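In: Coordinates only, no sequence provided:
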DNA sequence: CCCTTGTTGCCAACGGGTCGCAACTGCTAA
DNA sequence: TTAGCAGTTGCGACCCGTTGGCAACAAGGG
């Protein structure tokens, strides 16, 4: 659900419908602002990511979601759209260790700590990497760039108590 | 293994031949110690890794190398052997961001810092990760396990001066 | 030296991802 | 409002790393 619902509105049913329509319109504007045509397929993809609410989706995940919502979408098109939105800076590609390309909506810069037990992924701030950055520089002359890093371990829930 | 050579070895050329034969014999013992048969294919794979001298090899790299040395080896067999040696603990699988599985001979525990410019990979000690480990634990309750981590950045040679 | 069983070679298949191309449709200019 | 031109889509073939089935084969213990 979208967090900003300041406007006093009627029924809950109305809220939901309104939100979706509203978001679709926003997305239409967003796409056209990027010089991309607002096709139903692209709108569907954007909806999938809004629905995922921060989680990462593979191109196939997106494809499944959109198709399940009665919007015609070819698999190859799903791949192309996701790649296009990434080029446009709207999405960011992240690869976990299974080698499958996944995508998330581009937010402020962060890294990922992925739980090897449950697959959950924790967003890690850039600041948390600074001490490591210093160590690598001092010990190896290796520069930890701003590329998003991928760390493996156990999340708070899965860590042994 | 010809113990006569052992006695007579004096030239460098001799040393080299001896080294290879010797290593093959060692590998034979090594394999049988693991309960695996010492086939020419497996010996060839082990030779590929000895030749690689610490660098990582994909299953296809191994295949190419072994074939180039006139040892019959099928591609699927290369994949199976490499997987088997990994199960046996002799090799370790590492995945860079291209999603291709690569392997290195299992040595003491370390992580990899890979240069995004030239592809070089720097071995990072576990100690260098300790400060990060603490930070992640404090900030997120996330436990950085002993899994080998993969860091992206620029090596000393490629880093801007 | 033989027999057992681990291994190999061959080849088809699989899954994520890409590509070429013709048909289609947002969008804009008239 | 409409015509028309790109930008897009759907389709289907294809690429490439990797796996699986299966029959032939050979390492090495007895």
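Out: Ah, there it is. In this text the structure is predicted, and so the values were computed from the model without any measurement.
In: Pull out the buried positions in stretch A:134-152.
Out: A:135-136, A:140, A:142-145, A:148-152 (16 or more other CB atoms under 10 Å in any protein chain shown). Backbone N, C-alpha and C define where each C-beta goes, glycine included.
In: got it, and stretch A:45-63?
Out: Buried residues in stretch A:45-63, defined by neighbour count with 16+ other CB under 10 Å: A:45-50, A:52, A:56-59, A:61-63.
In: Check stretch A:152-161 too.
Out: Of the residues in stretch A:152-161, those buried by neighbour count under the rule 16+ other CB under 10 Å are A:152-155.
In: With stretch A:32-49 instead?
Out: By neighbour count with 16+ other CB under 10 Å, stretch A:32-49 contains the buried residues A:36, A:38, A:41-49.
In: Near DNA strand D, list only the ones from these.
Out: Counting by CB under 7 Å from any atom of the strand, the subset of those that neighbours DNA strand D consists of A:36, A:41-42.
In: Which of these fall in helices?
Out: Among these, the ones falling in helices (DSSP state H) are A:41-42.
In: okay, the ones next to DNA strand D among the buried residues of stretch A:32-49 in JSON lines with pLDDT and distance to DNA strand C next?
Out: Rendered in JSON lines, the data for those read as follows (pLDDT from 0 to 100; distance: CB to the nearest atom of the strand, whole Å):
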{"residue": "A:36", "pLDDT": "97", "distance to DNA strand C": "7"}
{"residue": "A:41", "pLDDT": "98", "distance to DNA strand C": "9"}
{"residue": "A:42", "pLDDT": "98", "distance to DNA strand C": "9"}
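In: And the ones next to DNA strand D among the buried residues of stretch A:32-49, which is closest to residue A:120?
Out: Using CB to CB, residue A:42 is the member of those that sits closest to residue A:120, with 28.8 Å.
In: what helices or strands is the helix or strand containing residue A:61 leaning on?
Out: When elements are defined using DSSP states H and E, residue A:61 is found to belong to helix A:59-68. Secondary-structure packing of helix A:59-68 (3 or more CB pairs under 8 Å, 6 or more residues apart in numbering or on different chains; DSSP states H and E): helix A:40-52, helix A:75-87, strand A:101-105.
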